[in-house]
Structures are given as structure tokens and as C-alpha cells.
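>>> Predicted structure and sequence below. I'll ask about it afterward.
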Amino acid sequence: MNAPLLSISRRLRHTPFTRRVTEAGVKAYTVYNHMLLPTVFKSVEADYHHLKKHVQIWDVSCERQIEIKGPDAAKLMQMLTPRDLRAMTPGQCYYVPIVDATGGMLNDPVTLKFDEEKFYISIADNDTLYWAQGIAYGFRLDVDVNEPDVSPLAIQGPKAEDLMARVFGESVRDIKFFKFRMYDFLGQSMAIARSGYSKQGGYEIYVDGTEYGEPLWDALMEAGADLNVRAGCPNAIERVEAGLLSYGNDMNWRNTPHECGLGRFCDTILAIGCVGRDALLRVAMEGPMRQIRSISIDGDKVPLCTNMWLAFVDGKEIGEITSAVWSPDFETNVAIGMIDREYWDDGTIIEVQTPDGMRKATVCEKSFI
């Protein structure tokens, strides 16, 4: 049976690169932050192998930017997150859990600091803009919170550095991981960060201005012709192998950062001012009752996990699988799931209720990559 189609209208925003993505043969989209996000070009597995060997250009404009600008910018940023931001310097990127007043995860974005009065928050799929605006308004902060015309373009894969150097110059090789610098393209200044939603290495270009989208795409494609450059997208197999979390799939506002395995990004005691600090203090001291783990599921290929699969030990429900897919490189079904504390140790044998029936599975303390 054919899968239902996605009806595209003006309510689903196109991106500066949508026309080029269409020309490149995109086969499927999802909706992310009210925008189109490509999910498949040749096939999920073919895209996966190409990503690991060559270089891809990803339209990730759906990672919308929240610009926080003004005298109270740093104060508002600290109110949003339990991570202590005092040591963050201009040119740095931080992975920043954003929580509500109960300590629940609202987003897990990357934040860029330009100076003490300007930050970008590159958000996952959630209307965090309204939360940030509400906090700013409620506390009468001297800050402007808006969504600028900035659309990230990711360059990912082992040949990403060579491609970027051809377009932006050799100095792009010197950008350290989770750092960014400003570069000009056609006279427009744009932030380029050493980051991306894969473990294959690469960059994210914060394309400032819709009119620069297609010229930049074309310049990268032309420069990378001999590098086997292709249009690509975040890959489900590579993501799950690497244990990269997907907000709304693997966690949501019901989960604390500690449940999501993000405790290392929380300085709850030091992050004075965070609106969720008090709620997280107890969790930080006692530890979570359940936590995300990587999991290997036995047997033949499971279908791509699009709904939660329950996990059991001796008939007792002990968690759920939130993402799962067959890994060609590891020759097993790789998965991510939320597991109760007494069963999350490395090597614990569990059972997973898949659409094809009950499967034996093994909890892994670390991701596969």
C-alpha cells in the first residue's frame, strides 16, 4: 500500500533552498518548525553510505534561529537554561538544554554567542520563540527576541572540510569544534560553525538573507563536483547509531535533561536565574529514575520506528523504544530508548515489543559510534 502524501501549502514554509532540493530529486519531506525538511533522496540506506564516504549539502533551514539581542540578552539566555553560561565567550557554540518552570525539556538547541548582547538559539522542533518572548516580557527585560531571516545550510561528511575550503578559503579548516567565525559570501557576512547533526564531521553555514540561498548552494555544488557532493539530509540510520537525540521523538517536555542523558550540560547549582532551577535541584542530587540509552535489537531488520515500542523484563514494562532502524555497518537493529534505572546498565537483556513481535534486545551504555 502506498504511503499517504504530504499536501504542501503556504502554511508550510518553503526555504531558500527548496527549489534546489526539488531539482536534486528529494523523495520525501517531514514538517519541522512549520517548514519543509527533506528526509530521503535516493534511499535512507543509500544516503547513509554516501554520507559516510563523501560530502552532502543539507537544507536544515528548519533549524530556525531565535535572535536574542540587547542589554539583557545574557540574562535572558541564563533564565532559559540550567547550563551555566558565564564562561561562554564570543565565537563559541554551546549545546544548551532549555527547560520550563518544572524542569521539563522544551528544546535542545545549539546556541551561538556573538557578544554579550547578541545570541542565536538554533532550535529543534518546538515553538521556543514564544517561550523566550514570554519570559522576556514577563520579567520586563531590555531585550529584543525575534526570528531573523537566517537559514542554516549544513555541509556534512568526511570531505566537508575540503569543500568548504574551496568556497570560503583555507582558514575555514582552523575553526575548532563548536566554534564559529564570520565569513563573507557575495558581500554578506555569515556565521560558519564547526557543527552539525551527524558524527561524520562538517559545518553549518548560517545563511543570512533568503536571496543568498541558491547562489551559495550552486557555488558549493560546483566546487564539490569532483568530491562526489550530493544533496542530503539528516539520516535516520546514522543519527540512531550515533545516539543523536531527536526532540519530539526521543524526549519532550515531560522529560528532564537528566532523563535525556544531558546532565553533563547542566550546572543546576551554578545556573542561578534559570526558571527551572529549583525543580531540577532534586533531580540533580538524586539522579533520574529513568534515562535514555542506546539499544541493540536482535533479529532481522525491524521496520523504521514511528511509534513507541514498549520494553519489558520478565513481563514487567521497564521503558520504551523511541527510535529504531537497521544499521548496515553494525549489522544489527540500533535503537534509542528510555529505560528504568534498575535496567539501564550496559549489557542488560530486555525484550522489545516490535510490530513484528517480541524481540530480544541489549542495553548499551554508549552509542554505537
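Thanks, I have it.
>>> So the chain: which segments form each domain?
Per automatic domain parsing, the domain ranges recorded for the chain read 18-63+149-240, 65-146, 290-369.
>>> nearest to Asp267, of the ones you listed?
Closest to Asp267 of the domains of the chain is domain 65-146 (C-beta to C-beta; 3.6 Å). Bear in mind the C-beta positions are built from the backbone N, C-alpha and C, glycine included.
>>> What separates the first and last residues of that closest one, distance-wise?
8 Å (C-alpha to C-alpha, to the nearest Å).
>>> Ok, stretch 71-88 next?
OK, stretch 71-88 end separation, C-alpha to C-alpha: 16 Å.
>>> cool, and stretch 135-146?
Terminal residues of stretch 135-146 are spaced 13 Å apart (C-alpha to C-alpha).
>>> Contacts for that stretch next, please.
Contacts to stretch 135-146, defined as C-beta atoms under 8 Å, 6 or more residues apart in numbering, come from residues 66-73, 75-76, 79-80, 129, 132-133, 275.
>>> Kindly recompute the last result at 7 Å.
With C-beta atoms under 7 Å, 6 or more residues apart in numbering as the test, stretch 135-146 has contacts from 66-73, 75-76, 79-80, 132-133, 275.
>>> correct me, but Leu245 touches Met251?
Yes: applying C-beta atoms under 7 Å as the test, Leu245 and Met251 come out as touching, 6.3 Å apart.
>>> Show me the common contact partners of these two, please.
Counting by C-beta under 7 Å, 6+ apart, the shared contacts of Leu245 and Met251 are Cys260, Ile292.
>>> out of the two, which sits in the more crowded spot?
Under the criterion of other C-beta atoms under 10 Å, the comparison of Leu245 against Met251 puts Met251 first, with 25 against 21.
>>> so what's the residue found closest to the more buried one once you drop the neighbours it is linked to in the chain up against?
Excluding its sequence neighbours, the residue lying closest to Met251 (C-beta to C-beta, 6 or more residues apart in numbering) is Cys260, at 4.7 Å. Counting by C-beta under 7 Å, 6+ apart, Cys260 touches Met105, Leu245, Met251, Ile292.
>>> cool, Gly315 as well?
Contacts of Gly315 by C-beta under 7 Å, 6+ apart: none found.
>>> Spit out the contact partners of Ala74.
By C-beta under 7 Å, 6+ apart, the residues touching Ala74 are Glu116.
>>> Let me know the pLDDT of it.
Ala74 carries a pLDDT value of 98.
>>> cool, Pro97 as well?
Among the per-residue scores, Pro97 holds a pLDDT of 97.
>>> burial measure for it, as a count.
Neighbour count for Pro97, taken as other C-beta under 10 Å: 26.
>>> Check Asp345 too.
For Asp345, the neighbour count with other C-beta under 10 Å is 11.
>>> Does it lie in a helix or a strand, and which?
Following DSSP states H and E, one finds Asp345 outside all helices and strands.
>>> name the helices or strands packed onto the least confident helix or strand in the chain by mean pLDDT?
Ranking every helix and strand in the chain by mean pLDDT, DSSP states H and E puts helix 277-286 at the bottom, with a mean of 86. With contacts defined as 3 or more C-beta pairs under 7 Å, 6 or more residues apart in numbering; DSSP states H and E, helix 277-286 has no helix or strand neighbours.
>>> With just CA atoms, put stretch 243-259 into CSV.
Extracted in CSV, the C-alpha atoms of stretch 243-259 (Å, rounded to 0.1, in the frame of the first residue of the first chain):
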residue,chain,number,x,y,z
GLY,A,243,22.9,8.4,19.7
LEU,A,244,21.9,11.8,18.5
LEU,A,245,18.6,12.7,20.1
SER,A,246,15.5,14.0,18.2
TYR,A,247,13.3,16.3,20.2
GLY,A,248,9.7,15.2,20.0
ASN,A,249,10.8,11.7,19.1
ASP,A,250,13.2,10.7,21.9
MET,A,251,12.2,13.2,24.5
ASN,A,252,9.8,16.1,25.1
TRP,A,253,8.6,18.5,27.8
ARG,A,254,7.7,15.6,30.2
ASN,A,255,11.4,14.7,30.4
THR,A,256,14.2,16.4,32.4
PRO,A,257,17.6,16.9,30.9
HIS,A,258,18.9,14.3,33.3
GLU,A,259,16.5,11.7,32.0
